[in-house]
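> attaching a predicted model along with its sequence, questions to come.
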Amino acid sequence: MQKENELIGFHYTSLDCWESIQKTGLKPYTIIKPALRAKIGTERVNGIWLWTSRLYDLPHIGCVLYQMSTKNTTKAVLLSVGYPKSDRLSTENGIVVLYHSGHIGNLEYHTGEEEAVIITEPIPPEKIRLLQTYDLMELWKNEQGRIKSK
């Protein structure tokens, strides 16, 4: 059950990482984003990247493909993550909100409209829920079977 001072964010990762997250939760890791410099004076921070809203269409597909390509896997997951409002990266000017622009090659899948926050504290496993698993090879096999049956 979500508490009053708790928010829900969304996190993409590999299936292998999800298997570890189920045991240990999400731990802060190094995030490097040039957009951070204007907000906190450095491009580097330890934290957990969470989207503030669920992504759809090309931004969603881009996140799934990004996880697969950077983690050398064909299996990715989307997680729902509960976290305390107080754990968001903030400055004296307020919560640090990032609007990400992302691309794979020339394919721009984030245009700076999607909002993300960085969580500075570990998130325990009981606050994390699997929403969806994506298996590129299974999708391919299903598509091949569909094409052959035509």
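Yes, it's here.
> list the residues that contact Tyr109.
Residues in contact with Tyr109 (C-beta atoms under 8 Å, 6 or more residues apart in numbering) are 58-59, 61-63, 65-66, 102-103. Backbone N, C-alpha and C define where each C-beta goes, glycine included.
> how about Lys33?
Per C-beta under 8 Å, 6+ apart, neighbours of Lys33: 43, 98, 100.
> cool, Glu113 as well?
Counting by C-beta under 8 Å, 6+ apart, Glu113 touches Tyr99.
> identify each buried residue in the helix or strand where it lies, please.
For Glu113, the host element (DSSP states H and E) is strand 107-119. Using 16 or more other C-beta atoms under 10 Å as the burial criterion, the residues of strand 107-119 that qualify are 109-110, 114, 116-119.
> distance between that strand and the chain's centre?
10 Å (C-alpha atoms, centre = their mean, to the nearest Å).
> convert the C-alpha atoms of that strand to CSV, please.
What follows is strand 107-119, C-alpha atoms only, in CSV (Å, rounded to 0.1, in the frame of the first residue of the first chain):
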residue,chain,number,x,y,z
LEU,A,107,16.9,7.2,-33.6
GLU,A,108,15.8,9.9,-31.1
TYR,A,109,13.4,8.1,-28.7
HIS,A,110,13.4,10.8,-26.0
THR,A,111,12.8,14.4,-27.0
GLY,A,112,13.2,16.1,-23.6
GLU,A,113,9.6,15.8,-22.7
GLU,A,114,9.7,12.9,-20.3
GLU,A,115,10.4,13.7,-16.6
ALA,A,116,12.8,11.8,-14.4
VAL,A,117,14.1,12.2,-10.8
ILE,A,118,17.1,10.7,-9.1
ILE,A,119,16.6,8.9,-5.8
